[in-house]
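# Need coordinates for the below:
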Amino acid sequence: MNSKVEKRERWRKKREYILASAGNIVGLGNVWRFPYLCYKNGGGVFLLPYCLFAILCGLPLFLLETVVGQCTQEGPIACWNELCPLGRGAGYSNLILQLYVSLYAIILGWAIFYLIYSFRDPLPWATCDNSWNTDRCVDLSSANLTAAYGGNLTVNITSGNFTKSSVSEFWERGVLSMSAGIEEVGSVKWELLLCLLACWVACYFCIWKGVRSTGKVVYFTAVFPYVMLAILLVRGLTLPGAWQGVVYYLYPDLSRLADSQVWMEACAQVLFSYGVAAGTLITFGSYNKVKNNCCRDSLWLCVLNSCTSFVAGFAVFSALGFMSYKQGVPMDMVVESGPGLAFIAFPQAIAMMPFPQLWAVCFFLMLILLGLDTVFAGLETITSCVTDLFPEQMRRPWRREIFLIFFCSFIFIIQITLTTAGGVYQFQLFEYYGCSGACVMFVSIIQCLAVGWAFGADRLCDAVEGKTGQRPWPLFKLCWRYFAPLICTVCFIGSFLDNQTLTSSGGYVYPDWAYRLGWTVALSSVVPVPIYAVIRLFLTKGTFRQRLLALWYPAPDLEYHTTDPLGEQPEL
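Numbers count the residues shown, from 1 in each chain. Next up is the predicted model:
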């Protein structure tokens, strides 16, 4: 029977790992979050804290997780047995964070819905002649669109009428069939449900054979978005009014550097964009050959991520500048973040361009592929965790495929509620709290303590040098032990002291029970760390000090290092 147990998977080619990692970290946050944060937090000034945190937190943590996976050849949960058994709860936190990241599948469903309608002439969100439109709709050719833009209801004082743009009505009524609030769940929108199903079917077949299928898929899913981004960038910069948008994107406001919120948002964006504390970097690193030059790979992947975010801002704001110029409205009326940018502001700009169907197809194809890489990378991480926990059962023919069918079906059934009239409110609640920067910061702190202090930053550098022949820069050791955990701790505490209440578009305020649910969701990715630590301390034999030493330090007989023996464990 043991002969049927398969060995751990490996990337067949180095470029497959690079493309898969690039597809994972270059996602929706680069397109719809970074440009908005840059504009919101001082324009070009925002790049200063962003670059600082990228050097002191993002790159070191990216390398740390990649090294952990590559040297232990284990996934996000099992790897901690060889580093710091007491920190294994961080692996379970990674698992829970990935479950919340799977919510982005509904974004793919929305994008697929838009893509299907992008082949119509005229674009359905550009007119008020559709079944979902109301008599208060204002189409894109109307001079009164200034009062209706942005999805916010505005009052015409002289007539007392409410008006809303055709783009907003398509989003709220044509796509979502939005209810008045999260309490009104409403019925399922079947077209959206089918789009969500198509997304999960695609995700399943992307990874059903492990890295053998993932390594082939990423040649398209990781490269094609860059082709689309380049096309949209060139087209955007050639539009009238484009440079007005670019200036608005990067205009420096030095006074914003005194705002603590700017620094906290920069740190959260770096961690979120680099994909740290989610377990995927550990998983992809564990599929590498042990002697792979992970230091060089991590450096270039992080540079690629940040450069993509920066360039995406030019593509987005050049289009928004064109829309501002075309309508004669201020830039601050057309700038939004998140779904508002991807499904209201940018589609409106596209509808005003010549050959709008072409640019709509390019944009939504790019969104779909950016999100698809992130979702199936999360699925691969979850599958890797389960496989490492139950290797005898999972590493047999067809066990992985069967598990994935049941797991994808289970998540799809849960997410059916997101396709209802109140689904967008549920998505915003779970995304805001479940994928918050505070959760990512907390897990990052635990990983730094486990690797930088329990296992030892020097020992990790020795392990990397022994296996790859290249020693990490001394700065990384300082970041693992001091800079990264200190910065994450300060921002983690600051995020609670300066917590902002979630409100939906249109100023909707959630009921009290929804906020309590949100905080429960946020804590669900934090509590595995202390709960697991307490349980392990309770189950381990010996005095409390003996238990702590046994679980804090790795076992002395591990063959993790190739240059020096582990020697005696230091005193606690």
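# where does the stretch 1-150 of the chain dip in pLDDT?
Applying pLDDT under 70 to the stretch 1-150 of the chain flags the ranges 1-6, 140-150.
# Show me where this structure has its strands.
Along the chain, counting by DSSP state E, strands occupy 137-138, 154-155, 162-165.
# least reliable of these going by mean pLDDT?
Comparing mean pLDDT across the strands of the chain, the weakest is strand 154-155, with a mean of 36.
# Show me which residues of stretch 490-499 are buried.
491-492, 494-495 (16 or more other Cβ atoms under 10 Å). The C-beta positions use only the backbone N, C-alpha and C, and glycine is treated the same way.
# which residues touch that stretch?
260-261, 263-264, 267-268, 436-438, 441-442, 445 (Cβ atoms under 8 Å, 6 or more residues apart in numbering).
# and which of the residues you listed is nearest Tyr104?
Distance to Tyr104 across the contacts of stretch 490-499 (Cβ to Cβ) is lowest for Ser436, with 14.5 Å.
# If we ignore the residues flanking it in sequence, what's nearest that closest one?
For Ser436, ignoring the flanking residues on the chain, the nearest one in space by Cβ to Cβ, 6 or more residues apart in numbering is Ala522 at 5.8 Å.
# List the residues that contact the one you found.
Counted by Cβ under 8 Å, 6+ apart, Ala522 has contacts 433-434, 436, 438-439.
# Tell me the most packed of those, by neighbour count.
Tallying neighbours with other Cβ atoms under 10 Å puts Cys439 at the head of the contacts of Ala522, with 25 neighbours.
# coming back round to it: make a markdown table out of the contacts of stretch 490-499 and add pLDDT and distance to Leu320.
Listed next are the contacts of stretch 490-499 as a markdown table, based on pLDDT from 0 to 100; distance: Cβ to Cβ, whole Å:
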| residue | pLDDT | distance to Leu320 |
| --- | --- | --- |
| Ser260 | 90 | 28 |
| Gln261 | 89 | 23 |
| Trp263 | 93 | 26 |
| Met264 | 92 | 25 |
| Cys267 | 94 | 26 |
| Ala268 | 92 | 23 |
| Ser436 | 84 | 27 |
| Gly437 | 86 | 25 |
| Ala438 | 89 | 30 |
| Met441 | 95 | 30 |
| Phe442 | 95 | 35 |
| Ile445 | 96 | 37 |
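# Contacts only, for the nearest residue to Lys289 once chain neighbours are set aside.
Leaving aside its sequence neighbours, Lys289 sits nearest to Arg10 (Cβ to Cβ, 6+ apart; 6.8 Å). Each residue near Arg10 by Cβ under 8 Å, 6+ apart is listed here: 211, 287-289.
# go again using 10 Å as the cut-off
16-17, 73, 210-212, 215, 286-289 (Cβ atoms under 10 Å, 6 or more residues apart in numbering).
# Just name the closest of these to Leu301, please.
Of those, the one sitting nearest to Leu301 (Cβ to Cβ) turns out to be Tyr17, at 9.7 Å.
# Just give the number of residues close to that closest one.
27.
# List the residues that contact the closest residue to it other than its chain neighbours.
Closest residue in space to Tyr17, ignoring its immediate chain neighbours: Trp11 at 4.5 Å, by Cβ to Cβ, 6+ apart. By Cβ under 10 Å, 6+ apart, the contact set of Trp11 is 17-20, 211-212, 214-215, 284, 287-289, 292.
# If any of those residues are buried, give me the PyMOL selection for them.
Buried residues among these (16+ other Cβ under 10 Å), as a PyMOL selection:
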select buried, resi 17+18+19+20+211+214+215+284+287+288+292
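# Dump the contacts of Trp11 to a markdown table, plus distance to Leu48.
Output for the contacts of Trp11, formatted as a markdown table (distance: Cβ to Cβ, whole Å):
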| residue | distance to Leu48 |
| --- | --- |
| Tyr17 | 32 |
| Ile18 | 29 |
| Leu19 | 31 |
| Ala20 | 31 |
| Val211 | 38 |
| Arg212 | 43 |
| Thr214 | 37 |
| Gly215 | 38 |
| Phe284 | 30 |
| Tyr287 | 36 |
| Asn288 | 34 |
| Lys289 | 38 |
| Asn292 | 33 |
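# Can you list the neighbours in contact with stretch 469-476?
With contact meaning Cβ under 10 Å, 6+ apart, stretch 469-476 is reached by 55-56, 59-61, 63-64, 67, 291, 293-296, 298-299, 452, 457, 460-462, 464-465, 477, 479-480, 483-484.
# repeat that for 7 Å
With contact meaning Cβ atoms under 7 Å, 6 or more residues apart in numbering, stretch 469-476 is reached by 60, 63, 293, 295, 461, 464-465.
# From the residues you listed, list the buried ones, please.
Applying 16+ other Cβ under 10 Å to those flags 60, 63, 295, 461, 464-465 as buried.
# Show me those residues that map onto helices.
60, 63, 295, 461, 464-465 (DSSP state H).
# Considering those residues, which is situated nearest to Asn41?
Nearest member of these to Asn41, counting by Cβ to Cβ, is Pro60, at 23.0 Å.
# mind checking how far Ala180 is from Gly174?
Separation of Ala180 from Gly174 (Cβ to Cβ, to the nearest Å): 17 Å.
# Comparing these two, which shows the higher neighbour count?
Gly174 (21 against 12).
# Was I right to think the more buried one contacts Trp132?
Yes - at 4.2 Å, Gly174 and Trp132 qualify as touching, with contact defined as Cβ atoms under 7 Å.
# thinking again about what came up before, from the ones in helices among the buried ones among the contacts of stretch 469-476, which two are the most distant?
Longest span within these, Cβ to Cβ: Pro60 and Glu465, 16.5 Å.
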